[in-house]
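Peer 1: Need a 3D model of the sequence below.
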Amino acid sequence: MARTGDQGDGTYLNPILCSDYSDPDPIAVGDDFYLTSSSFNCLPGLPILHSRDLVNWTIIGHALERLPMACYDQPCHGRGVWAPAFRYHEGRFWIFFATPDEGIFMTNAPKPTGPWSTLHRVQEASGWIDPCPFWDDDGKAYLIHALAASRTGLNSVLVLHRMAPDGSRLLDEGHVVIDGHFHHPVVEGPKLYKRNGYYYVFAPAGGVRGGWQSVFRAKSIDGPYEDRIVLCQGNTDINGPHQGGWVQTSKGRCWFLHFQDRGAYGRVLHLQPMKWEGDWPLIGQQAKAPKVYEPVLRCAKPDVGKNYPIVRPQASDDFSGSTLGLQWQWMANPNASWYSLSASPGKLRLFSQGTTSEWSNWWQAGNLLLQKPQDMHFRVTTHLTVEAAASGDHAGLILTGGVGVALVVERADDRWRLALYIMEQANQTQPQVVEALPWDSSRAHLRLEMEHGVGRFSASKDAKQFASIGPAIHPGSAAWLGAKVGLFSLNPGTKPSGGYTDFSCFDYEAL
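Peer 2: Take a look at the predicted model:
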């Protein structure tokens, strides 16, 4: 049974999405809610999710098809899109984000589904991260951001700049408005708002796995800011709780969305009730300790005036469409030569790609087609036919993370075999065969089942009886991403072999 946040009885259970949506930022436009999140090196990036009740979400598009820098034609793990800010201003949707080595970027669109404007670099910089724009009542515009110690040697501060009202450029060198070194170490991910004459900066601190949510307020946008911790783990098992954003319904009720790091499952999405007291936000529920608020596990759904159907982001794909499903992302800038949906209608054809001369493992392969798991316990099954053109052509089902694992059908010495490869350290070691057996066909049904962070592979010739292959796998996480699952076709040579693999389905089941 699919695990949903919506419990069907007027309540919801956290996480509302047990899926890797890091650094979520929501907005409300009329009675609709939209959300984007970090996508790092996974492309298309900046996923756009839509909801009518803040609990049930589906993917409606992406704001970023590719990154314009040539380096992203290959996987740049841990880089790419960091911590976007989503805003609605003067009838347009705006997203600002940083790539940690290239600077701060902006795109906007008349609708959340696009078309999104050509990516514009607001500021070239290294180590300027987590930007958030703000348009004040007097028409002046600002941008606040954090710093990455890995690039600048400094963190735990938030910097404010004047910005051109069209978001195109910064107008000054900026100045530090919040220094978190003493009470809010590693403060980052700022989101800037205004309410009742106060400027508010919502920002997490203390680190992803053991930190908390802070709020800073001031009567002037330049400060001085006073501060409070408004949400922490308390007596719950919701560690962090980390970066997110405040959103308000058309009825005036306030909510806060944030993530929690769950290792192999990535940074999953939580929804917290929020209220105001003495012009300070109170997020979650009162903990046992005085003046401490902690996350809720279960809560009444937001009152939006209507009940909406229970839905989830897309997962299964029968490849009958003319475009890839919105759940799919590549590990680098997409390349049209990697795949076809028209060469064999109703099937996904992945062409057997070569690798770069520096290639030593799947970590460097951009043509992995992956998606986020959505459940603690799930199963995926695919059926494939390999049309090999050279020895070494192999294709199959892959699970990525700190440990990389793939079950493949492989052409080796003019014979077919089924092989399970493991990379014990995905970014350092080559794939090693841990189990292989002769296979009398180029066809196979391959399956992965994952429960509580442990994956197990199996295979079948008839889709009825599946035999387990290899050991249990703990994929973990790597480079800010949880484990992902998907499909690929490769040859260890340096050029495409001319071979290909047809996948007739990708069936995702929550268990």
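Peer 1: what residues are up against the residue lying farthest from the centre of the chain?
Peer 2: Going by CA atoms, centre = their mean, the residue of the chain most distant from its centre is residue 414, 40.5 Å out. Going by CB atoms under 8 Å, 6 or more residues apart in numbering, residue 414 touches residue 391. Using the backbone N, CA and C atoms, a C-beta is placed for each residue, glycine as well.
Peer 1: Ramachandran angles for it?
Peer 2: Here is the backbone geometry of residue 414 (degrees, to the nearest 10): phi 60, psi 20.
Peer 1: Would you mind measuring from it to residue 352?
Peer 2: 16 Å (CB to CB, to the nearest Å).
Peer 1: where does the closest residue to residue 58 other than its chain neighbours fall, helix, sheet strand or coil?
Peer 2: Leaving aside its sequence neighbours, residue 58 sits nearest to residue 311 (CB to CB, 6 or more residues apart in numbering; 5.4 Å). Recorded secondary structure, residue 311: coil (DSSP: H, G, I helix; E, B strand; the rest coil).
Peer 1: Pull out the buried residues from stretch 173-191.
Peer 2: Within stretch 173-191, the residues that count as buried by 16 or more other CB atoms under 10 Å are 174, 177, 178, 180, 184, 186, 187, 188, 189, 190, 191.
Peer 1: how close does the second one sit to residue 290?
Peer 2: This means residue 177. 29 Å.
Peer 1: How far does stretch 499-508 sit from its chain's centre?
Peer 2: 24 Å (CA atoms, centre = their mean, to the nearest Å).
Peer 1: Quick check: which ranges of the protein have low pLDDT?
Peer 2: Scanning the chain for pLDDT under 70 picks out the ranges 1-2, 356-360.
Peer 1: okay, now the domains of it?
Peer 2: The chain breaks down by automatic domain parsing into domains covering 11-300, 329-510.
Peer 1: Using a markdown table, please lay out the ones you listed together with distance to residue 316.
Peer 2: A markdown table is the format used below for the domains of the chain (distance: least, CB to CB, whole Å):
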| stretch | distance to residue 316 |
| --- | --- |
| domain 11-300 | 13 |
| domain 329-510 | 5 |
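Peer 1: wait, which of those domains is closest to residue 307?
Peer 2: Of all these, domain 11-300 sits nearest to residue 307, with 7.9 Å by CB to CB.
Peer 1: Straight-line length of that closest one, end to end?
Peer 2: 4 Å (CA to CA, to the nearest Å).
Peer 1: And stretch 96-111, by the same measure?
Peer 2: By CA to CA, the extent of stretch 96-111 from end to end equals 16 Å.
Peer 1: where's that stretch relative to the chain centroid, distance-wise?
Peer 2: The answer for stretch 96-111 is 16 Å, by CA atoms, centre = their mean.
Peer 1: For it, buried residues please.
Peer 2: For stretch 96-111, a neighbour-count test (16+ other CB under 10 Å) marks 96-109 as buried.
Peer 1: Just flag the most distant two among the residues you listed.
Peer 2: 101 and 109 (25.6 Å).
Peer 1: which residues touch the closest residue to residue 122 other than its chain neighbours?
Peer 2: Excluding its sequence neighbours, the residue lying closest to residue 122 (CB to CB, 6+ apart) is residue 104, at 4.6 Å. Residue 104 makes contacts with 96, 97, 98, 121, 122, 123, 125, 128, 131, 143, 145, as judged by CB under 8 Å, 6+ apart.
Peer 1: my guess is residue 104 is in a strand, correct?
Peer 2: Yes: according to three-state DSSP, residue 104 belongs to a strand.
Peer 1: quick one on the thing from earlier: kindly reformat the buried residues of stretch 96-111 as TSV containing distance to residue 277.
Peer 2: Shown next, in TSV, are these (distance: CB to CB, whole Å):
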residue	distance to residue 277
96	31
97	33
98	34
99	39
100	37
101	42
102	42
103	39
104	35
105	37
106	35
107	37
108	35
109	37
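Peer 1: What is the nearest of those residues to residue 10?
Peer 2: Distances from residue 10 to the buried residues of stretch 96-111, taken as CB to CB, are shortest for residue 109 (34.4 Å).
Peer 1: Quick check: bridge partners of residue 422?
Peer 2: residue 405, residue 432 (DSSP bridges).
Peer 1: how many other residues sit next to it?
Peer 2: Neighbour count of residue 422, defined by other CB atoms under 10 Å: 19.
Peer 1: Please tell me I have it right and it contacts residue 435.
Peer 2: No: using CB atoms under 8 Å, residue 422 is not in contact with residue 435, being 9.5 Å away.
Peer 1: what residues do those two have in common as contacts?
Peer 2: Applying CB under 8 Å, 6+ apart, one finds that residue 422 and residue 435 are jointly contacted by residue 470.
Peer 1: Strand partners (parallel or antiparallel) of whatever helix or strand residue 449 lives in?
Peer 2: Taking DSSP states H and E as the criterion, residue 449 maps to strand 443-451. Note on strand 443-451: by DSSP bridges, its sheet partners are strand 377-387 (antiparallel), strand 454-460 (antiparallel).
Peer 1: I'd like to know which of these is closest to residue 494.
Peer 2: Ranking the strands paired with strand 443-451 by proximity to residue 494 (CB to CB) places strand 377-387 first, at 20.1 Å.
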